[in-house]
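Asker: Below are the sequence and a predicted model for it; my questions follow.
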Amino acid sequence: MRKLALVALALVALFVGGPWVYINVIREDAPEELSLTETTDVPVESTIVLEPIDVEGPWRVGAGSLAGYRVDEILFGQDVTAVGRTEAITGDFVIEGESVVEAQFSVDLTQVTSDSSRRDSQFANRIMDVLNFPTADFVLESPIDLPPSALMGEEFTVTTSGTLTLRGRSGPVEMLLTARLNGSLIEVSASTEIVFADWGIPDPSLPGVTTEDFGVLEVLLKMEKS
C-alpha cells in the first residue's frame, strides 16, 4: 500500500508539476502584442521645419509585415497566451488628399505558425479549416482621415470600420488602428476582438486546455509607396 501511495503521489506530481515546469521554465514567453516600434526615421520634434511628404497614391504591403492571433488559455491549470503569426500578407491602400479612401488586405492562414506544432495542426484543421478557407480578408468601408501632424511623422490612433471575411463568413468589424509615417514607410498596427461563435469557429478547447471564447486578430503593416 505504501508503494502504491508513493506511485500515486509521483503520478500526481508528474501531472501537475510537469506542465508547470514546461510552462514556467521550458516554454518561452508569448511574444508581445504587435505594435509600432520605438524608433522612427523621422524626427517628431525638431528645430528644423520639415516639409510634408507626398503620400498621395497607392501603397502596398512591404517586407517585415506580420499578422496573427492571440488567445488566452488555461493549460493544465496554468494561464498562458497562445500566439500564432505569419508574414504571408498581401494588400494595399490608396491615399487621396488627406484620407485613406480604399484599402484591402489578405492573410494566408495556411502559413500561420505558433510555438506548438500540435496547436498549429488544430488551428489549420479543426479550428480554421484552412483547406476550405485559406485566407482572412479585410476591406475598408469608411475613409480614414489623416491629421496634418501625421504627415510630419506624428503617431495617431483611430477606430476604423470594414468588412472581415473569416472562415467563410463576412461581417462588419471595428479595428483600433495606430499609424505613423516613418521615413519612406507608413507603419500601421491594428487589432480587433474575434468572438469565435460569431464566425462559426469551433471552441479551440481540448482536454487539459481551456480557452477564452474570443481571441484577438492583430496586424503590423509596413507599407511601401507603389
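Answerer: Alright, I've got the coordinates.

Asker: Is D198 in contact with G171, as I believe?
Answerer: Yes - contact criterion CB atoms under 8 Å: D198 and G171 qualify, at 7.2 Å. From N, CA and C alone the C-beta is placed, and that goes for glycine too.

Asker: longest strand of the protein?
Answerer: strand 169-182 (DSSP state E).

Asker: Show me which positions of that strand end up buried.
Answerer: Of the residues in strand 169-182, V173, M175, L177, T178, A179, R180, L181, N182 count as buried by neighbour count, 16 or more other CB atoms under 10 Å.

Asker: Please report the distance of the last one from A190.
Answerer: Going back to what we said before, that points to N182. Using CB to CB, to the nearest Å, we find N182 at a distance of 16 Å from A190.

Asker: just the first one next, same as before
Answerer: Computed with CB to CB, the distance linking V173 and A190 is 10 Å.

Asker: do the same with the fifth one
Answerer: According to CB to CB, A179 and A190 sit 8 Å apart.

Asker: State the helix or strand in which L164 lies.
Answerer: Assigned by DSSP states H and E, L164 belongs to strand 156-166.

Asker: For that strand, which strands pair with it and how are they oriented?
Answerer: In the sheet, strand 156-166 lines up against strand 135-140 (antiparallel), strand 169-182 (antiparallel) (DSSP bridges).

Asker: Neighbours of the spatially closest residue to E56 that is not a sequence neighbour, how many?
Answerer: Excluding its sequence neighbours, the residue lying closest to E56 (CB to CB, 6 or more residues apart in numbering) is I95, at 5.2 Å. Applying other CB atoms under 10 Å, we find 22 residues neighbouring I95.

Asker: what helix or strand does I95 sit in?
Answerer: Element membership of I95 [criterion: DSSP H and E] is strand 89-96.

Asker: On the strand side of things, show who the residue nearest to L164 when sequence neighbours are not counted bridges to.
Answerer: Computed as CB to CB, 6+ apart, the closest residue to L164 that is not its neighbour in sequence is V173, at 4.5 Å. Per DSSP bridges, the residues bridged to V173 are G162.

Asker: List the contacts of V173.
Answerer: F138, S161, G162, T163, L164, T192 (CB atoms under 8 Å, 6 or more residues apart in numbering).

Asker: Report the separation between it and E155.
Answerer: Counting by CB to CB - V173 and E155 are separated by 22 Å.

Asker: for R118, same thing?
Answerer: 38 Å.

Asker: got it, and A103?
Answerer: In terms of CB to CB, A103 sits 19 Å off from E155.

Asker: go on, L217?
Answerer: Distance from L217 to E155, by CB to CB: 21 Å.

Asker: remind me which residues of this structure are low pLDDT?
Answerer: 1-28, 38-52 (pLDDT under 70).

Asker: Pop the domain breakdown of it in here.
Answerer: Annotated domains of the chain cover 1-30, 31-225 [automatic domain parsing].

Asker: quick one, which of these is packed in tightest?
Answerer: The highest mean neighbour count among those, using mean count of other CB atoms under 10 Å, belongs to domain 31-225: a mean of 16.

Asker: Could I get the full set of strands for this protein?
Answerer: Using DSSP E, strands in the chain cover 57-61, 66-75, 78-86, 89-96, 99-108, 135-140, 144-145, 156-166, 169-182, 185-195, 209-211, 214-225.
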